[in-house]
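Asker: Sequence and predicted structure below; questions after.
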Amino acid sequence: MKIKQGFALRRFADKWIAVSCDELADTRNVLITLNKTAAFAWEQLEKGTDRAALLEALCDRFDVERDVASRDLDAFLQKAREAGILDDES
Amino acid sequence: MSVYRLADVNIAYCPQSATVAALLKPHETDGAVDLTLSITPSMIEAEAVLLPDASNVVWELASLLRSLQTQLLPRDRLVLHASCIVLGGKAYAFLAPSGVGKTTHARLWEQRLPDTARILNGDRLLVHVTADGARAYGNPWRGKEGFGYVGDAPLGGLFFLTRANRSSCEPLSAIEALPYLLRATSFPPDAASRLCVLSLLERLTAATPLFRLYATPSVDAVDAVLNAIGGTL
């Protein structure tokens, strides 16, 4: 799994946002707000990873129970797929 | 070629029509030129495609605004689709898409406080984001009603306006305000300029109180804002 090319991750105020660098994207599609666990997951997905490795990395990095992390991760992945930014093939 | 002062920048430009020259005239200055703008036929054609039933004057003004937005961005200045009033030496801006009622709301201020409130602009606002906060500027892009004057004031608040059956006003976080701000400004096509706009918006939201305004088309909406900004008046 990988985040599709063409997004820049940056901080905005106290949150993380992902902005599309695609010149055809309009503002409604262009902006995704991420909390810090989602931002971490995003960074891992930029390099390419699978769900199992991502869950391990999340549990290592954040002091969170495995089942909570699992639920939050799946919710984030679902949102990313719906927004069309996740490439499941690579 | 004349020189016009907009958002504290001296701009050399040669108007293509007497109407545009007249609209720009109140901003004329004899200061040194900071930048030069010119409008090409292909820029006019591009605006004509977007607004086919409009006139050369409208197309020229639209081209000029678009060009200005690009040139002012590196100078920490933005154009916001917003009406703005000045009260007690501070500017308060109301953001909403066309047709929601930002000009109507601005007019209610002059109705409610006829001796003290003034519409700085009914439709667009030039904003300069500085280290000391943001400053709002009047400009020639005043919308079809033409409300506005040549002046500027420190920005005391940004209000994101929606119509409602009851007026109320509540604070908003920077991240909540961001989607509305992006819709109120032009989001450039290239990545570097986009990140520049985001940096400016981040500084703007850090420096300016932000509110959601649920507004009826009555002076109740003005009172809701006055209550919200109370201590800063």
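Answerer: Structure's in. What do you need? Quantities reported herein were computed from a predicted structural model and do not represent experimental measurements.
Asker: what mean pLDDT does the helix or strand harbouring A:Ala75 have?
Answerer: Applying DSSP states H and E as the criterion places A:Ala75 in helix A:66-82. Helix A:66-82 carries an average pLDDT of 88.
Asker: roughly how far out does that helix sit from the chain middle?
Answerer: 9 Å (CA atoms, centre = their mean, to the nearest Å).
Asker: List the contacts of it.
Answerer: Contact partners of helix A:66-82, identified using CB atoms under 8 Å, 6 or more residues apart in numbering or on different chains, comprise A:1, A:3, A:32, A:37-38, A:41, A:45, A:51, A:54-55, A:58-59, A:62, A:64, A:86, A:88. Glycine gets a C-beta too; all of them are placed from N, C-alpha and C.
Asker: Tell me the helix or strand right after the lowest-mean-pLDDT helix or strand in chain A.
Answerer: The weakest-scoring helix or strand in chain A, judged by mean pLDDT, DSSP states H and E, is helix A:27-30 (a mean of 56). Counting by DSSP H and E, the next helix or strand C-terminal to helix A:27-30 is strand A:31-34.
Asker: and that next one, is it in reach of chain B?
Answerer: Yes - for strand A:31-34, a contact with chain B is found by CB under 8 Å from any CB of the partner chain, at A:31, A:33.
Asker: roughly how far is the very next helix or strand once past that strand from the heart of the chain?
Answerer: Downstream of strand A:31-34, the first helix or strand assigned by DSSP H and E is helix A:36-47. Mean C-alpha position of helix A:36-47 versus that of the full chain (CA atoms, centre = their mean) differs by 5 Å.
Asker: could I have helix A:36-47 exported to CSV, CA atoms only?
Answerer: Backbone C-alpha positions of helix A:36-47 (Å, rounded to 0.1, in the frame of the first residue of the first chain) are rendered in CSV as follows:
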residue,chain,number,x,y,z
LYS,A,36,-0.8,12.8,14.7
THR,A,37,-1.3,9.0,14.4
ALA,A,38,-2.8,9.5,10.9
ALA,A,39,0.1,11.7,10.0
PHE,A,40,2.6,9.0,11.1
ALA,A,41,0.7,6.4,9.1
TRP,A,42,0.8,8.7,6.1
GLU,A,43,4.6,9.1,6.4
GLN,A,44,5.0,5.3,6.4
LEU,A,45,2.6,4.9,3.5
GLU,A,46,4.6,7.4,1.5
LYS,A,47,7.5,4.9,1.5
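Asker: hey, where'd the helices end up in chain B?
Answerer: B:18-24, B:41-50, B:56-72, B:102-112, B:174-184, B:191-207, B:219-229 (DSSP state H).
Asker: Dump these to TSV, plus mean pLDDT, mean neighbour count and distance to chain A.
Answerer: What follows is the helices of chain B, written out as TSV (pLDDT from 0 to 100; neighbours: other CB atoms under 10 Å in any protein chain shown; distance: least, CB to the nearest CB, whole Å):
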stretch	mean pLDDT	mean neighbour count	distance to chain A
helix B:18-24	96	15	29
helix B:41-50	95	13	14
helix B:56-72	95	19	14
helix B:102-112	96	21	18
helix B:174-184	92	20	4
helix B:191-207	92	18	4
helix B:219-229	95	19	20
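Asker: residues touching A:Ala39, list them.
Answerer: A:Ala39 neighbours (CB under 8 Å, 6+ apart): A:9, A:16.
Asker: State the distance from it to chain B.
Answerer: Here A:Ala39 is placed at a distance of 13 Å from chain B (CB to the nearest CB, to the nearest Å).
Asker: try A:Asp50
Answerer: Taken as CB to the nearest CB, the span from A:Asp50 to chain B is 29 Å.
Asker: Do me a favour and get the backbone dihedrals for that residue.
Answerer: phi -120, psi 170 (degrees, to the nearest 10).
Asker: For burial, what's the neighbour tally of the spatially closest residue to it that is not a sequence neighbour?
Answerer: Of all residues not flanking A:Asp50 in the chain, A:Met1 sits nearest, at 6.2 Å (CB to CB, 6 or more residues apart in numbering or on different chains). Applying other CB atoms under 10 Å in any protein chain shown, we find 18 residues neighbouring A:Met1.
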